[in-house]
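*Asks:* just coords:
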């Protein structure tokens, strides 16, 4: 849904009705991995495939486990995307085929640009007993889809306080504050945290589409209930929104201009054609040098699943 007649909104019933025509909410899918770690997947969904270039969103935890039973994801490949990890609680070791080895701690971001091809592992240290994180993928635009791979770690991110809410700017610019995280499209990512129940009004970019996800607790977005089991999405055309965040809640706000091209997302790959995805799969199986290796990982590589006959493009 798109409306180019953008309107700055006032506090009125008419305003709420106007905004609500741009809002939808849908349930998340849940799965359990490892030792009781619950993953809730918001993107892609049959209700909403992408938000800007954000094409994948998993919420993991919060979970507590015995030492030595944390997440252990063996070597696996990526192309055509950036992996974005926002760690809320616990630690995770990232190791990749470029030789990068980085422990991510709470309130830090790991950004891996796959581009032409890379492989990596994600392993919780043996002493770790907690995990809570958001794992996202960013589709690379046509001009950068095959860039050389790289890895970046961001140990400090800017924080702004407004109306009793702590806003951590993960990606892009918000509240006159800019994140250092480097991406290739106009994007927004913000963590909202409130210790006490509060209300706030946010100014938005009407050229963006947006999504809200509750990482902890609950909230209401212009009257729409947001829980840990659903996502609230705003289509283009909204320039302001009212949010009520309940005590102890944490939200994730994503935004961006609609992506330039339809994409194909299959397994760990993002591409434009089935043929390029099939080639990447075959090269991974053949242990092609495109994806390098991680020799210090003790364990098997992830096996590529069977390739589908036909895939649905997302945009």
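*Replies:* Right, received. Where do you want to start? Just so it is clear, the model here is predicted, and its values are computed rather than measured.
*Asks:* Please make it C-alpha for all contacts and neighbour counts, starting now.
*Replies:* Fine.
*Asks:* Which elements pack onto the host helix or strand of residue 190?
*Replies:* Secondary structure from DSSP states H and E places residue 190 in strand 187-194. Contacting strand 187-194 under the criterion 3 or more CA pairs under 8 Å, 6 or more residues apart in numbering; DSSP states H and E are the following elements: strand 165-171, strand 173-174, strand 249-256.
*Asks:* residues in contact with the closest residue to residue 124 other than its chain neighbours?
*Replies:* Leaving aside its chain neighbours, residue 124 sits nearest to residue 92 (4.6 Å; criterion: CA to CA, 6 or more residues apart in numbering). By CA atoms under 8 Å, 6 or more residues apart in numbering, the contact set of residue 92 is 103-105, 122-125.
*Asks:* Can you say which of these are buried?
*Replies:* Taking 16 or more other CA atoms under 10 Å as the criterion, what is buried in the contacts of residue 92 is 103-105, 122-125.
*Asks:* Residue 37 and residue 230, how far apart?
*Replies:* 18 Å (CA to CA, to the nearest Å).
*Asks:* Could you do residue 41 as well?
*Replies:* 10 Å.
*Asks:* who has more neighbours, those two?
*Replies:* residue 41 (22 against 19; other CA atoms under 10 Å).
*Asks:* before we move on, the earlier item: turn the helices and strands packed on strand 187-194 into CSV, including distance to residue 137.
*Replies:* Converted to CSV, the helices and strands packed on strand 187-194 look like this (distance: least, CA to CA, whole Å):
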stretch, distance to residue 137
strand 165-171, 13
strand 173-174, 19
strand 249-256, 12
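*Asks:* Switch the ones you listed over to CSV; also include distance to residue 22, mean neighbour count and mean pLDDT.
*Replies:* As requested, the helices and strands packed on strand 187-194 are arranged in CSV below (distance: least, CA to CA, whole Å; neighbours: other CA atoms under 10 Å; pLDDT from 0 to 100):
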stretch, distance to residue 22, mean neighbour count, mean pLDDT
strand 165-171, 23, 23, 98
strand 173-174, 21, 18, 98
strand 249-256, 14, 23, 98
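*Asks:* wait, which of those is closest to residue 237?
*Replies:* Nearest to residue 237, of all the helices and strands packed on strand 187-194, is strand 249-256, at 12.3 Å by CA to CA.
*Asks:* So what are the sheet partners of that closest one and their directions?
*Replies:* strand 187-194 (antiparallel), strand 209-216 (antiparallel) (DSSP bridges).
*Asks:* is it true that residue 281 lies in a helix?
*Replies:* Yes: remark: residue 281 belongs to a helix, assigned using DSSP: H, G, I helix; E, B strand; the rest coil.
*Asks:* Could you report the separation of it from residue 79?
*Replies:* Note on residue 281: its distance to residue 79, by CA to CA, is 10 Å.
*Asks:* Residue 242: which of the buried ones among the contacts of residue 92 is nearest?
*Replies:* residue 105 (31.6 Å).
*Asks:* and the closest one, what are its phi and psi?
*Replies:* phi -110, psi 170 (degrees, to the nearest 10).
*Asks:* Nearest residue to it in space, please, no chain neighbours.
*Replies:* Nearest residue to residue 105 in three dimensions, chain neighbours excluded: residue 91, at 4.8 Å (CA to CA, 6+ apart).
*Asks:* Tell me who's in contact with that neighbour.
*Replies:* Residues in contact with residue 91, defined by CA under 8 Å, 6+ apart, are 103-106, 124-125, 128, 130-131.
*Asks:* so where's the stretch 201-315 of the chain uncertain?
*Replies:* Across the stretch 201-315 of the chain, the ranges flagged by pLDDT under 70 are 315.
*Asks:* shared neighbours, residue 41 and residue 230?
*Replies:* residue 28.
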